[in-house]
Structure formats: C-alpha cells, structure tokens
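Q: With the input below, show me the fold.
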Amino acid sequence: MLRTNTEFLSYIDSLYKDEQLGISLQNFEKDSLLLRQGEKNHRVFVIKEGIAKCFFLEENGKDYILEFMSKGQVLGEIEMIRRIDCLCNVAALTALQVYVIPAATFKELLAKDLMLNKILLEELADRIINTSSRASFQQLYTVEHGLAKLLELQEKQGMEISKEDMAAYLGITLRSLNRALKGL
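A: Residues are numbered from 1 along each chain as shown. Below you'll find the predicted structure:
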C-alpha cells in the first residue's frame, strides 16, 4: 500500500554527492503536482522524504489511485524510457523532498550505469507483482477488508488520507466508502 525502495534511495544519495551530474534536491508542498497526466516530462524524481500519490484521472472525471509512494520511489522513469507523455498524475500527499534528475542525465546513466539498470529493473518487476496482487486482492476481498488495511496504513504512518483519496484508492464511490466506514 505504501511503496518504498531504500536501495534506490541509497543509490541516488550517492549520485547526488557527485555534483557534476546536475541532480538537485527540491521541496514540494502538500497537494503540489509533480507530474501531470498527458503532459511532457523532462525530469525523473526520486522521493527522499514524504508521501505522494500516483493516480489516473479517468474520462468520467474520477480519480483512481494506483499507489501511495514514499522513500526511494522513482517517478517519471517510464515516460522517460518510452519517450511518452505522463501516464498519470503524481501529487504530494504530504510535504515532499525529492531528488530531481534531468532527462539528459537519466538517459546517460541508463546507457552506462549497470547498477541503475539493475535497481530499475527490480523496481519495475516489483510494480508488476504489486499491481497483479492488488488486482486480485480487490476482486477477492470485500471493500471493508481493503478499507481496514488502508486505515491501518494511515495509523501506522501517522498520515491523513482524505475520504476522497480512500475511495479513489479502493475504486469505489464516496457514498460506498461512507457505508463501509459505518460498517466497521
């Protein structure tokens, strides 16, 4: 439910210390949009501190949250590798501190750095596994079970997840969420 990658964070920490690469550290306030669905992106982000949500804005105007992401999660890499517009939105759920990797630097590292390729390949494989696990979880368990897990995450992380975000993560309406909350 809350994705992290300490290996990726350690790797980027070490690259950041090499000032010649042009990797910077940037802060984003809560609710700031880092990536906007359908727009061009010229940077890759790696979360150092804080929590972000990755979500689709569907044609019906509703959001669907794919993942909550935290330390060490890489953002915008798929678009950079595939040379496509942003597939989804990424917004700061809390204040965020992120490493910003310019497109040229990321592409150069991708071409030359085996460690980056290894870590990135493992991250992408983990995402495939988590996506399939989550899809089966949503089909096999009740909304109440998923909601209980989400509330557990909220308490464990000491974070505030709005009802709208809970509903968007569970793929249900706000009305259904309210019914499920009353049932707990």
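
Q: and the least confident helix or strand in the chain by mean pLDDT, how far out from the chain's middle?
A: Across the helices and strands of the chain, mean confidence by mean pLDDT, DSSP states H and E is lowest for helix 143-157: a mean of 85. Using Cα atoms, centre = their mean, to the nearest Å, the distance from the centre of helix 143-157 to the centre of the chain it belongs to is 18 Å.

Q: Let me know the pLDDT of residue 172.
A: With respect to pLDDT, residue 172 has a value of 87.

Q: What sits closest to it if chain neighbours are left out?
A: residue 143 (5.9 Å; Cβ to Cβ, 6 or more residues apart in numbering). Every residue, glycine included, has its C-beta placed from N, CA and C.

Q: ok, back up a step: elements contacting the helix or strand following the least confident helix or strand of the chain?
A: Under the assignment DSSP states H and E, the closest C-terminal helix or strand after helix 143-157 is helix 163-170. Identification of packing neighbours for helix 163-170 by 3 or more Cβ pairs under 8 Å, 6 or more residues apart in numbering; DSSP states H and E yields strand 63-69, helix 143-157, helix 174-183.

Q: okay, those, which one's buried deepest?
A: Across those, the average number of neighbours (mean count of other Cβ atoms under 10 Å) peaks for strand 63-69, which reaches a mean of 20.

Q: Give the pairing partners of that one; include direction for each.
A: Strands flanking strand 63-69 in the sheet, each with its direction: strand 2-3 (parallel), strand 52-57 (antiparallel) (DSSP bridges).

Q: and the angle from it to helix 143-157?
A: Going by axes from the mean of the first three to the mean of the last three Cα atoms, to 10 degrees, strand 63-69 is angled at 40 degrees with respect to helix 143-157.
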